[in-house]
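Student: quick check, what structure comes out for this input:
(2 chains)
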2 protein chains.
Amino acid sequence: MQDFSFYNPTRIEFGAGKIASLSQLVPTNAKVLVLYGGESAKRNGTLDEVKHALGDRQVQLFGGIEPNPSFETLMEAVAIVREQDIEFLLAVGGGSVIDGTKFVAAAALHQGDAWDILLTGGQHIDAALPFGSVLTLPATGSEMNKGSVITRKSLQAKLPFMSELVFPQFSILDPVKTYTLPTRQIANGVVDAFMHVIEQYLTYPADAPVQDRFAEGLLQTLTEIGPKALANPEDYQTRASLMWTATLALNGLIGAGVPQDWATHMLGHELTALHGLDHAQTLAVILPEMLRQRKQAKLGKLVQYAERVWNIHEGSDDEKAEAAIERTRDFFESVGVKTRLSDYDLGAEHIDAIIDSLTQHGMTKLGEHGDITPEHCRQILLASL
Amino acid sequence: MQDFSFYNPTRIEFGAGKIASLSQLVPTNAKVLVLYGGESAKRNGTLDEVKHALGDRQVQLFGGIEPNPSFETLMEAVAIVREQDIEFLLAVGGGSVIDGTKFVAAAALHQGDAWDILLTGGQHIDAALPFGSVLTLPATGSEMNKGSVITRKSLQAKLPFMSELVFPQFSILDPVKTYTLPTRQIANGVVDAFMHVIEQYLTYPADAPVQDRFAEGLLQTLTEIGPKALANPEDYQTRASLMWTATLALNGLIGAGVPQDWATHMLGHELTALHGLDHAQTLAVILPEMLRQRKQAKLGKLVQYAERVWNIHEGSDDEKAEAAIERTRDFFESVGVKTRLSDYDLGAEHIDAIIDSLTQHGMTKLGEHGDITPEHCRQILLASL
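Tutor: Now for the predicted structure:
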């Protein structure tokens, strides 16, 4: 096990009807800004439920936070917070709304240009408004971590920041709120969560048996419940497990004390930026060939993954690794997320531009050993056609 | 999955040499009281290391906190805190020292009789001094939870309390600090941690696949590392895994959203109170026959435990359950913790008094269904002779 620090003060309230607990969780008499995304939060009654739970508090609404939340939109919320002396923020939505709210919380109290928060990765944040979240889409883990990714449309830049000051004070996880989500969003959520675990697990053995077992437990659970979560939208227990699994996949716990990879995410971001694929789609395309490209470096963990997650015990180490890679691809396809560039109408002629973009963004030494080059990434994309 | 609330704000600093981080973790200029147990903390240099890390801060020492920390001793610390205007407490030791420090933190700011904290289970605590811990003995999980058990010798009473105000602000986990522990304490720690998991896992199926997988991961890890941790005291990685496993066994995570048992603990407390057995020894004696007594009610989980933790796949459900119970007994014996009352010179003639004591303490409806009676407990003890 490597040395680590672990800290996560977010309170979780989990269960059907838990939105009612907002009446205790949000400070009495606070002026609250409720941030949300599209119209679905209004249509499905969640916003009404939230407003009811907030009772007599002064509540303002701020809608329209996009997927890949934008600096431009969020700065409008920052202006409202300042003008109206808002004291507490409440995110109602998925990872984009929560990521956006984290930025608003920090930017509202920031002196100077708020873009600096992104340029410095959150290092110089010394205050943030308190906020909580009501999660409606299990996927990103933002509801229980300190990270956020913000896009500045005018600069075509998408940058992350992290700060302990932007942990949500609380997050309310009500599985019923996921019943009305489109199938595609649930499928993406399953792949997102799976990949968050993979990036923290499929590296090299590091004498961390507990972290390995926890990661494998999350992966096994996702393989068991993923297809069921799609087939039966109102199966409460399956949606509950999906929701809790997605939160635990990226709340810092399984990554504490172990090496981490994240190369698939970095290459995937370029596919989203240039061609608009959903984040999960990019991961499903890249991972299988990333694993094949890195098979020797990852062999120890690939064999462990094959045996413990996929119950593959026949064959040589190489055969186990190959079988596990194919099972992974099959799993993504089984939840309806396609795994080939050609499935998204992308051909070999697009690869140069993707690699150029990756290089321009400084992503030239990726992975747990920092030895994945743009040339490796080109081979991975070619194999993913 | 059942509804749940989860909250755990304790910061963990894990690794060799992490005591040095006290210089950042403890407020500058705070007047600090360092609480510890016996002379070993002095002898092995840990106290010196702590004092060095605290630098110029005003530091006082309070030693002599016993195993099963006593109200009487701790009230002496409370008096010092008040007289000297101590602002921060630092526990250096195992679960007893940390439990004791939690009580001192709450009692020092309590108006009226501090024993009321125990009589009300911590419900009326509305303030506590901030404190941290340097863990030297992996076992109880007190370093990352809000619980504490205090004994009042004059009343022969041992009572628990819980409060979110007594989470340690931080805990430093340095596996090297365990190298010099006596074998018996490490063995007890392995059994303690194992049993904490069992009490939150071996109940009935509750549609909580993640919690099950995490619990099984902790149990599997303990079965793998337990004997190694005893055989090779200076094997850093094994001691590191033991330390992190014991913390995760009782930090609230695996118990969130699932039924819990704790009958073995309740019956075990009577054996400690009347006959002075180590806490872990009582658990090792009681658990096997508790499981046999409750075999039908627990069959679903017993079979799952047999298959996933002990890799038992042959035979009927009953045979799998029986085999798993015997493997559990063998595991306790393999780390040197005896599993029969007769190993501790206790015979059938002692059982009446134990059952009387259990009944007097109101422990008449134990277990996850509240249906384990004193008569069941008598049968369990008879079978454990």
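
Student: just name the shakiest helix or strand of chain A by mean pLDDT.
Tutor: In chain A, the helix or strand scored least confidently by mean pLDDT, DSSP states H and E is helix A:40-43, which has a mean of 84.

Student: next structured bit after that one?
Tutor: Using DSSP states H and E, the helix or strand that follows helix A:40-43 towards the C-terminus is helix A:46-54.

Student: list the contacts of A:S334.
Tutor: Listed by C-beta atoms under 8 Å, 6 or more residues apart in numbering or on different chains, the contact partners of A:S334 are A:G226, A:P227. From N, CA and C alone the C-beta is placed, and that goes for glycine too.

Student: give me that answer again for 10 Å
Tutor: Residues in contact with A:S334 (C-beta atoms under 10 Å, 6 or more residues apart in numbering or on different chains) are A:A187, A:V190, A:T223, A:G226, A:P227, A:L230, A:R327.

Student: chain B contacts on the stretch 51-200 of chain A?
Tutor: With the criterion set to C-beta under 10 Å from any C-beta of the partner chain, the stretch 51-200 of chain A comes near chain B through A:M144, A:E164, A:F167, A:F170, A:S171, A:L173, A:D174, A:P175.

Student: which other helices and strands does the least confident helix or strand of chain A contact?
Tutor: Packing partners of helix A:40-43 (3 or more C-beta pairs under 10 Å, 6 or more residues apart in numbering or on different chains; DSSP states H and E): helix A:46-54, strand A:88-93.

Student: out of those, which is the most enclosed?
Tutor: Taking mean count of other C-beta atoms under 10 Å in any protein chain shown as the contact definition, the stretch among the helices and strands packed on helix A:40-43 with the greatest mean neighbour count is strand A:88-93, which reaches a mean of 27.

Student: that one packs against which elements?
Tutor: In terms of contacts (3+ C-beta pairs under 10 Å, 6+ apart), strand A:88-93 is packed against helix A:22-25, strand A:32-36, helix A:40-43, helix A:46-54, strand A:59-62, helix A:95-107, strand A:131-135, strand A:170-173.

Student: compare the mean pLDDT across the ones you listed and name the weakest.
Tutor: Taking the average pLDDT of each of the helices and strands packed on strand A:88-93, the minimum falls on helix A:40-43, with a mean of 84.

Student: if I pick the residue nearest to the spatial centre of chain A, what's in contact with it?
Tutor: Ranked by distance to the mean C-alpha position of chain A (C-alpha atoms, centre = their mean), the top residue is A:T140 at 2.4 Å. The neighbours of A:T140, taking C-beta under 10 Å, 6+ apart as the test, are A:94-96, A:98-99, A:147-149, A:189, A:192-193, A:196, A:246-247, A:249-250, A:279.

Student: give the next helix or strand downstream of the longest helix along chain A.
Tutor: Ranked by residue count and defined by DSSP state H, the top helix of chain A is helix A:209-231. Downstream of helix A:209-231, the next assigned helix or strand under DSSP H and E is helix A:236-249.

Student: where in the stretch 151-300 of chain A is pLDDT low?
Tutor: Along the stretch 151-300 of chain A, no part satisfies pLDDT under 70.

Student: the longest helix of chain A and chain B in contact?
Tutor: Yes - using C-beta under 10 Å from any C-beta, we find that helix A:209-231 touches chain B at A:209-222, A:224-225.

Student: buried stuff in that helix?
Tutor: By neighbour count, with 16 or more other C-beta atoms under 10 Å in any protein chain shown as the criterion, the buried positions of helix A:209-231 are A:209-223, A:225-227, A:229-230.

Student: C-alpha coordinates for it, PDB please?
Tutor: C-alpha atoms of helix A:209-231 as PDB (Å, rounded to 0.1, in the frame of the first residue of the first chain):
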ATOM      1  CA  PRO A 209      -5.700  -6.200  -0.900                       C
ATOM      2  CA  VAL A 210      -8.600  -4.200   0.700                       C
ATOM      3  CA  GLN A 211      -8.600  -1.600  -2.100                       C
ATOM      4  CA  ASP A 212      -8.500  -4.400  -4.700                       C
ATOM      5  CA  ARG A 213     -11.400  -6.300  -3.100                       C
ATOM      6  CA  PHE A 214     -13.500  -3.100  -2.800                       C
ATOM      7  CA  ALA A 215     -12.900  -2.200  -6.400                       C
ATOM      8  CA  GLU A 216     -13.700  -5.800  -7.500                       C
ATOM      9  CA  GLY A 217     -16.900  -5.600  -5.400                       C
ATOM     10  CA  LEU A 218     -18.000  -2.500  -7.200                       C
ATOM     11  CA  LEU A 219     -17.200  -4.000 -10.600                       C
ATOM     12  CA  GLN A 220     -18.900  -7.300  -9.900                       C
ATOM     13  CA  THR A 221     -22.000  -5.400  -8.700                       C
ATOM     14  CA  LEU A 222     -22.100  -3.300 -11.800                       C
ATOM     15  CA  THR A 223     -21.800  -6.300 -14.000                       C
ATOM     16  CA  GLU A 224     -24.700  -7.900 -12.100                       C
ATOM     17  CA  ILE A 225     -27.000  -4.900 -11.900                       C
ATOM     18  CA  GLY A 226     -26.200  -3.000 -15.100                       C
ATOM     19  CA  PRO A 227     -28.400  -4.800 -17.500                       C
ATOM     20  CA  LYS A 228     -31.200  -5.100 -14.800                       C
ATOM     21  CA  ALA A 229     -31.100  -1.400 -14.200                       C
ATOM     22  CA  LEU A 230     -31.900  -0.800 -17.800                       C
ATOM     23  CA  ALA A 231     -34.500  -3.500 -18.200                       C
END
